[in-house]
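In: The sequence and its predicted three-dimensional model are supplied below.
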Amino acid sequence: MTTEKNTTKEKKKAPANTEGRFSHGMDAVIYNKEGKEAGKVSLPESVFNTPFNADLVHQVVTTMQNNARTMVAHTKDRSEVRGGGRKPWRQKGTGRARHGSRRSPIWRGGGVTFGPRSEKDYTGKLNRKMKVKALYSVLSKKMKDGEVLFVDDLGFAEPKAKEAKQVLTALSRVKGFEGLARKKNAAFIALDEFSEVAAKSFGNFGNVEVDAVANLNPVDVLRFKYLIITKPEESLAVLEAKHR
């Protein structure tokens, strides 16, 4: 009798926690430049079905920011300051405190103690798998929050800020993306291939950045409110190939 009860309990175990995970074969709507539905695309589970790993994302983002840091601030210590080769005054008999050099940090114009140095190295090691896993984690979170928009094409015949503005206005009418009209950090546009014409078209808008989807990284995704991915079939293939 005891054995049967234990077996029953084992069968009634709670299912695995799938909260925040997308179902198999989840589709997303594709829009055109006019903000109208133009089809659907199947999302790769390896890219958009990754649990959010806050610790990994923090490590990758801070390391990438440190690696991109340019050391400019630089102070001179007492060995680098000009002058001070002669003792300011004799050791005794003047009534003043003893000093050996004008380059001392306690003198005005002297060296700086523990000041910033340009040779300081903030770079850290970051392997490719960590970057890819963090990117997938952030993309999955963005998708879950409804902040990823798929657009069939943003091709421009020539650089035209007016046309780019019309595209943003049209896409801001899509439900959930009204914030594309925000003044700051509105959207990152990931193109299937980098287009200088498209980059110049959006170049006058300080709230939008354009780059190829192959260069997408967690820092760019988190820096902007929305992510716009063009030509989803080609772009998703590039993203999915990153973990191979």
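Out: Cool, got the structure.

In: Could you pull up phi and psi at the residue positioned nearest the centre of the chain?
Out: Relative to the mean C-alpha position of the chain, the nearest C-alpha, by CA atoms, centre = their mean, is the one of residue 219, at 0.8 Å. Dihedral pair for residue 219: phi -60, psi -50, per degrees, to the nearest 10.

In: Identify the residues contacting it.
Out: With contacts taken as CB atoms under 8 Å, 6 or more residues apart in numbering, residue 219 has the following neighbours: 61, 64-65. Every C-beta, even on glycine, is put in place using the N, C-alpha and C of the backbone.

In: Now do it against residue 209, distance only.
Out: Separation of residue 219 from residue 209 (CB to CB, to the nearest Å): 11 Å.

In: do the same with residue 186
Out: The gap separating residue 186 from residue 209 is 9 Å, by CB to CB.

In: residues shared between the contacts of those two?
Out: Residues touching both residue 186 and residue 209 (CB under 8 Å, 6+ apart) are residue 224.

In: Comparing those two, which residue is more hemmed in?
Out: When neighbours are counted by other CB atoms under 10 Å, residue 186 comes out ahead of the other of residue 186 and residue 209, with 21 against 18.

In: Heading C-terminal from the helix or strand of the chain with the lowest mean pLDDT, find the next helix or strand.
Out: Sorting the helices and strands of the chain by mean pLDDT, DSSP states H and E puts helix 2-11 at the bottom, at a mean of 46. On the C-terminal side of helix 2-11, the nearest following helix or strand under DSSP states H and E is strand 27-31.

In: Dump that following strand to CSV, restricted to CA.
Out: What follows is strand 27-31, C-alpha atoms only, in CSV (Å, rounded to 0.1, in the frame of the first residue of the first chain):
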residue,chain,number,x,y,z
ASP,A,27,5.3,33.2,-34.8
ALA,A,28,5.8,37.0,-34.9
VAL,A,29,4.0,39.5,-37.2
ILE,A,30,6.0,41.2,-39.9
TYR,A,31,5.1,44.8,-40.8
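
In: Strand partners (parallel or antiparallel) of that strand?
Out: Take DSSP bridges as the rule and strand 27-31 pairs in its sheet with strand 37-42 (antiparallel), strand 148-151 (parallel).

In: Identify, out of those strands, the most deeply packed stretch.
Out: Stretch with highest mean neighbour count among those: strand 148-151 (a mean of 22; mean count of other CB atoms under 10 Å).

In: tell me the mean pLDDT for that one?
Out: Here strand 148-151 scores 95 as its mean pLDDT.
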